[in-house]
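1. Take this sequence and fold it.
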Amino acid sequence: MTISTDSYTAAAGQAKQATEKSVEAWKNGAKTFTDQLDAIKLPAVDLTEPVARYFEYLQKAVDLNRELATKWAEALSSLSGTVREQTQKLGSVVQDQTDKVADLTVQQAQKAEQAAKKQAEQAEEAEEAEKAKAREAKRIEREEAKKAQLQAREAYEGLTKAELSDQLSGRGLPKTGNIEDLIERLVSADSE
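-> The predicted structure follows:
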């Protein structure tokens, strides 16, 4: 039994279509990945290395598909009984290799995504730590200002209203109000 030229041509066409579909799937995967990267608003995160690795794996997959499709086409051009068996074995090897490369590419993409997520979480944690540090510094500053205010008041605490009024008048400040008002006015004048 002989196989006609039409059969060879049809088989070669199918191999070509399968290769084109595989390449198109890789291109769509790369576009989807880059589109997802554009949609994510992350803090300053360096994704250069994971993305570079991802595209290296994509390039390896495309190169492997090209090489396997070339081998497939060569095998189809010299089909005979024994060659046909070998071609079928090669087809299963091609399928296995393609599956392995696809799995490896997906794993690398997941690692890149996890690395980006971890960097984003670390950036958020660092930002929260900075905010907590700033809040603590403000709290300490308020406590110190309060202590300074209390120390400034100590000099005037035991004085009578008349004595406080005399000190205010000596500085050209108003003498009206209760003792607390007078002390506050003197403390304010001292801090200026």
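
2. Secondary structure class of the closest residue to A102 other than its chain neighbours, three-state.
-> Using Cβ to Cβ, 6 or more residues apart in numbering and skipping residues adjacent in sequence, the residue nearest A102 is A61, 6.9 Å away. Quick note: C-beta positions are derived from backbone N, CA and C, even for glycine. With DSSP: H, G, I helix; E, B strand; the rest coil as the basis, A61 sits in helix.

3. Show me the domain layout of this protein.
-> The record, using automatic domain parsing to delimit domains, assigns the chain the ranges 5-139, 155-191.

4. And the helices in the protein?
-> Taking DSSP state H to define them, one finds helices in the chain at 5-39, 48-77, 81-154, 161-170, 179-191.

5. okay if I get these as CSV plus mean pLDDT?
-> Listed next are the helices of the chain as CSV, based on pLDDT from 0 to 100:
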stretch, mean pLDDT
helix 5-39, 79
helix 48-77, 82
helix 81-154, 85
helix 161-170, 91
helix 179-191, 88
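
6. Could I get these in JSON lines, plus columns for mean neighbour count?
-> JSON lines is the format used below for the helices of the chain (neighbours: other Cβ atoms under 10 Å):
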{"stretch": "helix 5-39", "mean neighbour count": "13"}
{"stretch": "helix 48-77", "mean neighbour count": "16"}
{"stretch": "helix 81-154", "mean neighbour count": "13"}
{"stretch": "helix 161-170", "mean neighbour count": "14"}
{"stretch": "helix 179-191", "mean neighbour count": "15"}
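
7. how close does N178 sit to A75?
-> Distance, N178 to A75, by Cβ to Cβ, to the nearest Å: 105 Å.

8. again, but for A61
-> Computed as Cβ to Cβ, the A61 to A75 distance reads 21 Å.

9. before we move on, what about K133?
-> Where A75 is concerned, K133 sits at a distance of 67 Å (Cβ to Cβ).

10. Equivalent analysis for R171, please.
-> 105 Å.

11. repeat for Y54
-> With distances taken as Cβ to Cβ, Y54 is found 31 Å from A75.

12. Equivalent analysis for K117, please.
-> Taken as Cβ to Cβ, the span from K117 to A75 is 44 Å.

13. Equivalent analysis for A189, please.
-> 100 Å.

14. Now render the domains of the chain as TSV, adding distance to K146.
-> Below are the domains of the chain laid out as TSV (distance: least, Cβ to Cβ, whole Å):
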stretch	distance to K146
domain 5-139	11
domain 155-191	12
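
15. thinking again about what came up before, enumerate every residue touching the residue nearest to A102.
-> W26, T98, V101, A102, T105 (Cβ atoms under 8 Å, 6 or more residues apart in numbering).

16. what sits against the closest residue to K71 other than its chain neighbours?
-> Of all residues beyond its chain neighbours, the one nearest K71 is L90 (6.4 Å), with distances taken as Cβ to Cβ, 6+ apart. By Cβ under 8 Å, 6+ apart, the residues touching L90 are K71, W72, A75.
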